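Engineer: test case, fold it:
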Amino acid sequence: MRGRSGVRHAVGMAEPRTEHTVEWVRESVTMALYMSLSLLAVLVALPSGSTAEAEHLAWTVLLTAIGLLLAHQVAFRLSSRMVNQGLLDEESLSLIGAQTAGGLAVAFVAAAPVWALGSSGVRMSEFLLISFVAATGYRSVRGAPSSRTKALVYTAGLVLVMIAVVALKVVVGH
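Structural biologist: Take a look at the predicted model:
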């Protein structure tokens, strides 16, 4: 569906105000998805039945997320300077803000259950991260002219792939 601005957007979403707004949302969601998948890998890598204190586990998750976010920031700044003749323009700085917002939100959502519940909160964090990716997958398919059934099948496939990755990690023993 095309709005007055000519920018394609999902049915049911408010019409984007500008092309930059669309890009800002895309960068934020992309970073949130990237962080969700990366932190899911970190959580799976934690030793099963870990006796480490909840605070230690939560800090591991949060600091890993911040490290990933900082690494992405460096890469984005370098690539932005490369294409903008050495400058970080206002648009690039805004997109860095979007990436930071998306990444930090997921980092805190992943760490909070571990802080609150200790090592048993790791499973809750994994569930929340998988749920976010699945919900985003469902929404992305439903945003196009697609049936609810097609969106559910796509989402189920996405969740199965994530579960397969987790299962493979468990089989490998890391």
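Engineer: now stretch 61-73: buried residues?
Structural biologist: If you call a residue buried by 16 or more other C-beta atoms under 10 Å, then stretch 61-73 has these buried ones: Val61, Leu62, Thr64, Ala65, Leu68, Leu69, His72. C-beta here means a position set from N, CA and C on the backbone, and glycine is covered the same way.
Engineer: please apply the same query to stretch 22-30.
Structural biologist: Going by neighbour count (16+ other C-beta under 10 Å), the buried part of stretch 22-30 is Trp24, Glu27, Ser28, Val29.
Engineer: would you put the C-alpha positions of that stretch in CSV?
Structural biologist: Extracted as CSV, the C-alpha positions of stretch 22-30 are listed here (Å, rounded to 0.1, in the frame of the first residue of the first chain):
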residue,chain,number,x,y,z
VAL,A,22,11.1,4.9,7.6
GLU,A,23,14.9,4.5,7.6
TRP,A,24,15.1,5.3,11.3
VAL,A,25,12.5,2.7,12.2
ARG,A,26,14.1,0.1,9.9
GLU,A,27,17.5,0.7,11.5
SER,A,28,16.1,0.4,15.0
VAL,A,29,14.2,-2.8,14.2
THR,A,30,17.2,-4.3,12.4
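Engineer: and the buried residues of stretch 61-73, which of them are in strands?
Structural biologist: Members of the buried residues of stretch 61-73 lying in strands (criterion: DSSP state E): none.
Engineer: JSON lines for those residues, including pLDDT and distance to Ser120?
Structural biologist: Below are the buried residues of stretch 61-73 laid out as JSON lines (pLDDT from 0 to 100; distance: C-beta to C-beta, whole Å):
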{"residue": "Val61", "pLDDT": "85", "distance to Ser120": "14"}
{"residue": "Leu62", "pLDDT": "88", "distance to Ser120": "18"}
{"residue": "Thr64", "pLDDT": "90", "distance to Ser120": "19"}
{"residue": "Ala65", "pLDDT": "90", "distance to Ser120": "20"}
{"residue": "Leu68", "pLDDT": "92", "distance to Ser120": "24"}
{"residue": "Leu69", "pLDDT": "92", "distance to Ser120": "26"}
{"residue": "His72", "pLDDT": "90", "distance to Ser120": "30"}
